[in-house]
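Colleague: Give me a 3D structure for the following:
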Amino acid sequence: MDKCRRRLSLARPPACPWPQQAPAPPRRASARHLILPAALGCHDSIISFGDSLADTGNLLHLSRSEGRPTHAGFLPYGETYFRRPTGRFSDGRLVIDFVAEWLGLPYVAPYYGDDGGRSAADFGKGVNFAVAGATALDAGFFEGRGMGNSLPNESLAVQLSLFKELLPSLCNTSSDCKEFLGKSLVLMGEIGGNDYNYPFFMGSELEEIQDLVPLVLEEIVSAISELIDLGVVTILVPGNFPIGCLPVYLTEFQSSDKEEYDPSTGCLNWLNEFSQYHNEQLQRKLDHLRELHPQANIIYVDYYNAALRFYQSPDKFGFDGGILSACCGGGGTYNYNSSALCNSNARVCDDPSSYASWDGIHFTEAAYGARAAPYYGDDGGRSVEDFKKGVNFAVRGVTALDVSFFEGRGMGNNFPNESLRVQLGLLQRALAFSVQHIFG
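Modeller: Numbering: from 1, shown residues only. Coordinates of the predicted model:
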């Protein structure tokens, strides 16, 4: 593991086997699988924490045991890939599923699963504690402020506690646990989105919600620190996505003031600015954590810019069904209606892969696959073999300085901003994340 970790720190491929066979692509005309980057090449299991973006069945099993059905337990959820509802809040696979495929691991079992889970043998290759509706902050925090919800308290601290209870069944001694955790890949979320969703939709003021950001980040940082102390080496930490592009937010905060919208995407500027604020603060916290734990690989996953790319250029990713509309919903401008959510009676699009949003809140399998899309070639690239020997980020018209430097001096141009810094960011994201399909 030391050899592998040393190579990872130099951004060079570790001496770990590549998957011999890529998994079957989703139902789409011209899907291609991308590479498994070096940063994901040395792991024997996946440990996941988070909310509905990573939940592979926990809320479904909890709701069944408590007699409270969840939408994700019925079709059309799961219709695209699994052909049945699995508890995933999408039409098919999530980011965590693509990660598992590329590592050659089974899909990560939900901790609360009732179909073979709850044993060391079942969880040896991965365990998922993510629960739809989960928050970083404890449920009591919101209840004390009149923002309680009907979902069980499966906050990040609760999920971490369940993991620590389970750990002794996965490894026998302290050294065994260090080795097990050192070879595991931890996905820390996305978590924190619901901490903002609840107050946003209850009418809280923006300033009040911004005050939650340091508290949310403190919970995330605390969990990461505790995991590193236990022996975890590699942690992926996603940021928040551009919530101003989601049908649920576009519907709830629809405005007649055109100035509130980004003319290039149709997204609400002020909400995306909030997401950026969270992400900027999160990255500062992660920088400090890296200083405290230089032995750990703490990797920020830029969900925001990965998602923003297909809102800016939907045709490039095949999202021609309506980039800001939900595939499954109850009608309206964005096909989202809080009184008529996605269910078996809802209006469902014919081709979910042509939509980014599945139900107005969550993404389609196609969008989850495209969220880590850092490359542009579509003529034989985007496969393990194509990129093992090299990848080219050069773009005609590119500058070393950021394009904003020239725009600020009245020297803007029509080329996209693919400056040297942007290209370096693409490389960093490629090493951090791999799961994507490119649709031509």
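Colleague: what's around residue 71, how many residues?
Modeller: Residue neighbour count, defined by other Cβ atoms under 10 Å, stands at 20 for residue 71. C-beta coordinates here come from the backbone N, C-alpha and C atoms, glycine included.
Colleague: got it, and residue 121?
Modeller: Neighbourhood size, residue 121 [other Cβ under 10 Å]: 9.
Colleague: Ok, the one 5 residues further on next?
Modeller: Neighbours of residue 126 under the rule other Cβ under 10 Å: 25.
Colleague: any idea how far it is from residue 95?
Modeller: Distance, residue 126 to residue 95, by Cβ to Cβ, to the nearest Å: 14 Å.
Colleague: List phi and psi for residue 108.
Modeller: When read as degrees, to the nearest 10, the backbone of residue 108 gives phi -70, psi 120.
Colleague: unless I'm mixing things up, it is touching residue 101, no?
Modeller: No - in this structure, residue 108 is not within contact of residue 101 by Cβ atoms under 8 Å, at 10.8 Å.
Colleague: which of the two has more neighbours?
Modeller: The residue with more neighbours, out of residue 108 and residue 101, is residue 108; 26 against 20, by other Cβ under 10 Å.
Colleague: Run through the residues that contact that one.
Modeller: Residue 108 makes contacts with 46, 48, 56, 96-97, 100, 125-128, as judged by Cβ atoms under 8 Å, 6 or more residues apart in numbering.
Colleague: Return the subset of the residues you listed lying in strands.
Modeller: Of the positions in the contacts of residue 108, 46, 48, 126-128 sit in strands, assigned by DSSP state E.
Colleague: between these, which is closest to residue 212?
Modeller: residue 48 (23.4 Å; Cβ to Cβ).
Colleague: Please report the distance of that closest one from residue 343.
Modeller: 26 Å.
Colleague: So which of these two has more stuff around it?
Modeller: Per other Cβ under 10 Å, whichever of residue 48 and residue 343 has more neighbours is residue 48, with 29 against 17.
Colleague: contacting residues for that one?
Modeller: Remark: with contacts taken as Cβ under 8 Å, 6+ apart, residue 48 is in contact with 54, 56, 96, 108, 126-130, 186-187.
Colleague: Most widely separated two among these?
Modeller: Largest pairwise distance in those, by Cβ to Cβ, is 15.4 Å, between 56 and 186.
Colleague: Pull out the buried residues from stretch 177-187.
Modeller: Using 16 or more other Cβ atoms under 10 Å as the test for burial, stretch 177-187 gives 177-178, 180-187.
Colleague: and if you look at stretch 271-287?
Modeller: 271-272, 274-276, 278-279, 281-282, 285-286.
Colleague: now, among these, which is nearest to residue 172?
Modeller: Using Cβ to Cβ, residue 286 comes nearest to residue 172 of the buried residues of stretch 271-287, at 32.1 Å.
Colleague: State whether the closest one is indeed within a strand.
Modeller: No - counting by DSSP: H, G, I helix; E, B strand; the rest coil, residue 286 falls outside a strand, being helix.
Colleague: Surely it and residue 302 touch.
Modeller: No - contact criterion Cβ under 8 Å: residue 286 and residue 302 do not qualify, at 11.7 Å.
Colleague: what about residue 210, how many neighbours?
Modeller: Residue 210 has 14 nearby residues by other Cβ under 10 Å.
Colleague: I should have written residue 80 there, sorry.
Modeller: Residue 80 has 22 neighbours, counted by other Cβ under 10 Å.
Colleague: Against residue 316, how distant is it?
Modeller: According to Cβ to Cβ, residue 80 stands 21 Å off from residue 316.
Colleague: same deal with residue 140?
Modeller: Counting by Cβ to Cβ, the gap from residue 140 to residue 316 is 45 Å.
Colleague: More neighbours: the two, which one.
Modeller: Of the pair residue 140 and residue 316, residue 316 is the one with more neighbours under other Cβ under 10 Å, namely 16 against 11.
Colleague: Isn't residue 357 up against residue 250?
Modeller: No - in this structure residue 357 lies outside contact range of residue 250 using Cβ under 8 Å: 9.7 Å.
Colleague: joint contacts of those two?
Modeller: residue 324.
Colleague: And the strands in the protein, which stretches?
Modeller: With DSSP E as the criterion, the chain has strands spanning 31-33, 45-49, 109-110, 126-128, 184-188, 234-238, 297-301, 328-329, 347-348, 437-439.
Colleague: any idea of the mean pLDDT for the last one?
Modeller: The predicted model gives strand 437-439 an average pLDDT of 29.
Colleague: what's the answer for the fourth one, then?
Modeller: Strand 126-128 shows an average pLDDT of 96 in the prediction.
Colleague: List the neighbouring strands of that strand plus their orientation.
Modeller: Note on strand 126-128: by DSSP bridges, its sheet partners are strand 45-49 (parallel), strand 109-110 (parallel).
Colleague: from the chain's centre, how far out does it sit?
Modeller: On the basis of Cα atoms, centre = their mean, to the nearest Å, strand 126-128 sits 16 Å off its chain's mean C-alpha point.
Colleague: same deal with stretch 296-308?
Modeller: Taking Cα atoms, centre = their mean, one finds the center of stretch 296-308 at 8 Å from the center of the full chain.
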